[in-house]
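Undergrad: Here is my input, please return the structure:
(one chain, ligands or ions: 1)
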Amino acid sequence: MSRTPWLAALLGAGFVALTACGAAPNSIDVSGYPPDMQARYDLFERRCTRCHELERPLNARVGEGGWGKYVQRMARHPAAGISAQEQREIAIFLEYHAERRRAQAEAPASAGGAP
Ligand code: HEC
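TA: Here you go, the predicted structure:
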């Protein structure tokens, strides 16, 4: 089992990080979102990265309307430090984001949803 040196180096170094990035987005582009949703994204990013990467919630499969409960569950972790108001804001963002993703998946040609 001998590999070429360049391959070994590639596997050992940045390659792992690269594939991890490609497979699981750790941030999203919200530049097309309304300003209030961008503000909520900031809050989400700050509050939900204390214990794990943002990639966890971004790639979780949570059903429609399920984020409120999920965020509450996370906020119950000891030392989560997410206020009730913040939980609401974060859940609103995650529902909005999920909805946009659903709309895009269903109708790629007319992305953007209702006028
Ligand atoms: C205090 C620590 C902490 C904070 C803050 C936190 N989480 Fe978590 N999260 C965890 C732990 C621990 C797990 C793994 C065990 C579990 O599922 O409860 C987890 C797992 C998850 C998962 C993965 C579930 C799965 O099935 O893979 C999601 C989604 C998630 N968190 C979302 C969030 C969101 C959204 C926020 C912000 C509102 C948040 N988390 C904030 C501790 C935290």
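Undergrad: so how far is Gly32 from Thr49?
TA: Distance from Thr49 to Gly32, counting by CB to CB, to the nearest Å: 22 Å. Quick note: C-beta positions are derived from backbone N, CA and C, even for glycine.
Undergrad: buried residues in the single longest helix found in the chain?
TA: What stands out as the longest helix in the chain, according to DSSP state H, is helix 84-106. When burial is assessed from 16 or more other CB atoms under 10 Å, helix 84-106 yields the following buried residues: 86-87, 89-98, 100.
Undergrad: more neighbours, Thr49 and Gly32?
TA: Thr49 (15 against 10; other CB atoms under 10 Å).
Undergrad: three-state assignment of that one?
TA: coil (DSSP: H, G, I helix; E, B strand; the rest coil).
Undergrad: what sits up against whichever strand or helix holds Ala39?
TA: Assigned by DSSP states H and E, Ala39 belongs to helix 35-47. Counting contacts by CB atoms under 8 Å, 6 or more residues apart in numbering, the residues outside helix 35-47 that touch it are 27-28, 30-31, 33, 54, 57, 80-82, 86, 89-90, 92-94, 96-97.
Undergrad: sec struct for Gly65, please.
TA: Under three-state DSSP, Gly65 comes out as coil.
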